[in-house]
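Engineer: sequence plus predicted model, see below.
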Amino acid sequence: MIPISKPLIDESEIKNVVEVLKSGILASGEWVKRFEEEFAKYIGVKYAVATTSGTTALDIALKALDVKSEMK
C-alpha cells in the first residue's frame, strides 16, 4: 500500500491521548471543553462544539441553519 501521509505525533500527544483514554471520558469532559475553546479561538469565533461523529455534526449544522426537510 502507498501511504498518503505519515502522521506527525510526538510523545506529549501520545501521553495526552493515553490520559484521556484512561479517564474513560471520551466524548465530553475537560479535554473536550479545552479543545472547543482553543478551536474557537483558532478559527476566530465565539463558540465551537465538538461532536462524536460526522453525522451528528451535519445534523447540528442543518439545525443551526434552520434547514427544513421537505419529506413528509
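Structural biologist: The structure has been received and is ready for your questions.

Engineer: for the rest of this, base every contact and every neighbour count on C-alpha atoms.
Structural biologist: Will do.

Engineer: what is the burial count for Ala40?
Structural biologist: 15 (other C-alpha atoms under 10 Å).

Engineer: just the pLDDT for it.
Structural biologist: According to the prediction, Ala40 has pLDDT 98.

Engineer: touching the helix or strand hosting Lys33 from outside, list them.
Structural biologist: In this structure, Lys33 sits in helix 30-43 according to DSSP states H and E. Residues outside helix 30-43 that contact it (C-alpha atoms under 8 Å, 6 or more residues apart in numbering) are 20, 46-50.

Engineer: next, give phi and psi for Lys68.
Structural biologist: Reported as degrees, to the nearest 10, the phi and psi values for Lys68 are phi -100, psi 150.

Engineer: OK, contacts around it?
Structural biologist: No contacts exist for Lys68 under C-alpha under 8 Å, 6+ apart.

Engineer: separation between it and Thr55?
Structural biologist: Here the distance between Lys68 and Thr55 works out to 16 Å (C-alpha to C-alpha, to the nearest Å).

Engineer: what about the residue nearest to the spatial centre of the chain, which SS state?
Structural biologist: A centroid search over the chain (C-alpha atoms, centre = their mean) returns Ala50, at 4.0 Å, as the residue closest to the centre. Following DSSP: H, G, I helix; E, B strand; the rest coil, we place Ala50 in the coil state.

Engineer: quick one, phi/psi of it?
Structural biologist: phi -80, psi 140.

Engineer: ok, it to Gly29 distance?
Structural biologist: Ala50 sits 11 Å away from Gly29, going by C-alpha to C-alpha.

Engineer: same question for Leu62.
Structural biologist: Note on Leu62: its distance to Gly29, by C-alpha to C-alpha, is 25 Å.
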